[in-house]
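**Student:** with the input below, show me the fold.
(one chain, ligands or ions: 1)
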Amino acid sequence: MGSPCIIKKRWRYILFILEVFRPDISEYIKDGKLWVDPKTGKNIELCPWLTVVPSKGNDQQRVSCNIYQDRPDDCMIYPVSIAEMIKDGCEMLEPKDINNPQQAQKDLDELMADSRPDIGT
Ligand code: SF4
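**Tutor:** Reported below is the predicted structural model:
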């Protein structure tokens with residue numbers, strides 16, 4: 001892990017890139033905090049980039065990220081663990097995950113292999 005100074009520089013760089021290439025995203029960041037309503041300056045409870053995808057036929061309703069390619073690091077590494085998903089009440093959990101959390105964690109680690117470092121579960 002880098003020193004706080006390096007992290008600050010990296011964060012400033014990311015903000016600069018967003019301001020130049022994705023001002024629509026950067027306006028929702030204030031003082032390093034995600035996500036802030038650009039009009040009121042107040043924190044937004046529900047992510048503004050989350051979209052409900054209309055269901056087709058018998059499909060379940062799905063959610064999608066409108067800035068998936070440019071999503072923040074926190075989003076890239078989430079979820080780290082099934083326990084974290086349970087704690088957050090994540091709607092992506094299925095009954096089979098809750099009934100067999102060890103297997104669910106293995107499946108999650110495989111799914112997230114390209115997005116985050118191995119957490120050693
Ligand atoms: S991945 Fe992040 S930015 Fe995208 S919808 Fe989810 S919380 Fe929002």
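
**Student:** residue 63 should be in a strand, yeah?
**Tutor:** Yes: per DSSP: H, G, I helix; E, B strand; the rest coil, residue 63 lies within a strand segment.

**Student:** surely it meets residue 91?
**Tutor:** Yes: if you go by CB atoms under 8 Å, residue 63 and residue 91 touch, sitting 7.3 Å apart. Where C-beta positions appear, they are placed from N, C-alpha and C, glycine not excepted.

**Student:** overlap in contacts, those two.
**Tutor:** Residues touching both residue 63 and residue 91 (CB atoms under 8 Å, 6 or more residues apart in numbering): none.

**Student:** can you check which helix is longest in the protein?
**Tutor:** helix 4-21 (DSSP state H).

**Student:** quick one: contacts for residue 22?
**Tutor:** 67, 70.

**Student:** beta partners of the residue lying closest to residue 71 once chain neighbours are set aside?
**Tutor:** Excluding its sequence neighbours, the residue lying closest to residue 71 (CB to CB, 6 or more residues apart in numbering) is residue 65, at 5.8 Å. Residue 65 has the following beta-bridge partners by DSSP bridges: residue 50.

**Student:** residues in contact with residue 65?
**Tutor:** 49-51, 71, 75.

**Student:** what strand or helix carries residue 83?
**Tutor:** helix 82-88 (DSSP states H and E).

**Student:** C-terminal to that helix, what's the next element?
**Tutor:** Next element after helix 82-88 (DSSP H and E): helix 95-99.

**Student:** which of the three states applies to the residue lying farthest from the centre of the chain?
**Tutor:** Distance from the C-alpha centroid of the chain, by CA atoms, centre = their mean, peaks at residue 57 (28.0 Å). Three-state assignment for residue 57 (three-state DSSP): coil.

**Student:** how about the most centrally placed residue in the chain, nearest residue that isn't a chain neighbour?
**Tutor:** Per CA atoms, centre = their mean, the C-alpha nearest to the average position across the chain is that of residue 75, at 2.1 Å. Distances taken as CB to CB, 6+ apart put residue 65 closest to residue 75, at 7.2 Å, once the chain neighbours are dropped.
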